[in-house]
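*Asks:* After the sequence you'll find the predicted model.
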Amino acid sequence: MTKEHILSEIRRTASANGGAPLGLDRFFAETGIKKWDWHGKYWARWSDALKEAGFPPNQLIAARTREDLLDNLAALVRELGHFPVEGEIRLKRRSDRNFPSHSTFGKFGGMRALSAELERFCRDRGENDLAELCAATAKNDHAENSEGAPEESAIGELAYVYLMKSGRFYKIGRTNALGRRERELVIQLPEAAKVVHSIKTDDPAGIEEYWHRRFHDRRKNGEWFELTAQDLSAFRRRKFM
């Protein structure tokens, strides 16, 4: 475990956390990097590691206001032409560091509550076209759910992105019920299959898409990939994203 890798992970996880570095316990949960990988080896204290990574001691991140959050979200709705799913909020944040982190929208509740709040916000500002897009999203979500289709996970709701092996190929998928999904796929596949690792996440769609894009050159068919030992090691290092 090199110092450069640990510093890189500190910066990466801080960026995903709205710019604020993680505490020790959460850092370990998200990266698998243990205290003893760095303590007494590179730094005497966690605060020393954060300082070298570029974070001042006791850094405070100003809370974003309701109006700021909804204003940014309204701009994204106008850009997309529809109310975004959580994965699209994640992707926007990754491409624009000034856009709020997806976790900051959790204060509004789930995606339906957020779309309803944004609808009211847009109507108050006279942006009825955006308000109608939010209203249409809520209506469509209700129609899909009445047919039994899976609902987009609420912000903050935990699910899993899993890596399953069958023969020499690996499937990267997502589920809210890991054991049940494994049993379903075992029945369908001609060769024995098992889950070799899973990542707990509050953004299953976004994290699944991240790994699909990361291993795009290894893709064989659909969600199935032919991965190297280095690829497997990279996936297994993540316990939470």
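*Replies:* Looks like it arrived, so ask away.
*Asks:* For the helix or strand encompassing Asp25, give me every contacting residue.
*Replies:* Using DSSP states H and E, the element containing Asp25 is helix 24-31. If you take C-beta atoms under 8 Å, 6 or more residues apart in numbering as the criterion, helix 24-31 is touched by 9-10, 13, 21-22, 33-35, 46, 237-241. To be clear about C-beta, it is placed using only N, CA and C from the backbone, and glycine gets the same treatment.
*Asks:* for the record, mean pLDDT for that helix?
*Replies:* Helix 24-31 shows a mean pLDDT of 78.
*Asks:* Could you do stretch 229-236 as well?
*Replies:* For stretch 229-236, the mean confidence score works out to 89.
*Asks:* Could you give me the buried positions within it?
*Replies:* Judged by neighbour count (16 or more other C-beta atoms under 10 Å), stretch 229-236 contains these buried residues: 231, 235.
*Asks:* Model confidence score at the residue most central in space within the chain, please.
*Replies:* Nearest residue to the geometric centre of the chain (C-alpha atoms, centre = their mean): Asp203, 3.7 Å. pLDDT recorded at Asp203 is 77.
*Asks:* Give me the phi and psi for it.
*Replies:* For Asp203, the backbone dihedrals (degrees, to the nearest 10) come out as phi -140, psi 70.
*Asks:* wait, it sits on Glu86?
*Replies:* Yes - applying C-beta atoms under 8 Å, one finds Asp203 in contact with Glu86, separated by 5.5 Å.
*Asks:* In the record's domain split, what are the boundaries for this structure?
*Replies:* Using automatic domain parsing, the domain parsing of the chain gives 3-52, 66-146, 159-236.
*Asks:* Enumerate the helices of this protein by residue range, in sequence order.
*Replies:* Applying DSSP state H to the chain gives helices spanning 3-16, 24-31, 46-52, 66-80, 86-95, 111-124, 128-146, 178-188, 204-214, 229-236.
*Asks:* so which of these gets nearest Val196?
*Replies:* Nearest of the helices of the chain to Val196, taken as C-beta to C-beta: helix 229-236 at 7.5 Å.
*Asks:* And the closest one, how far out from the chain middle?
*Replies:* Relative to the centre of its chain, helix 229-236 is centred 19 Å away, using C-alpha atoms, centre = their mean, to the nearest Å.
*Asks:* And stretch 122-139, by the same measure?
*Replies:* Distance of stretch 122-139 from its chain centroid, counting by C-alpha atoms, centre = their mean, is 26 Å.
*Asks:* Now do Val195, the pLDDT please.
*Replies:* Val195 is assigned 82 on the pLDDT scale.
*Asks:* Next, count neighbours for it.
*Replies:* Val195: 19 surrounding residues under other C-beta atoms under 10 Å.
*Asks:* Arg218 now?
*Replies:* Look at Arg218: counted by other C-beta under 10 Å, it has 16 neighbours.
*Asks:* With Asn72 instead?
*Replies:* Using other C-beta under 10 Å, the number of residues around Asn72 comes to 19.
*Asks:* for it, what are its contacts?
*Replies:* Shown in contact with Asn72 (C-beta under 8 Å, 6+ apart): 99-100.
*Asks:* That one and Asp48, how far apart?
*Replies:* As for Asn72, its distance to Asp48 is 35 Å (criterion: C-beta to C-beta, to the nearest Å).
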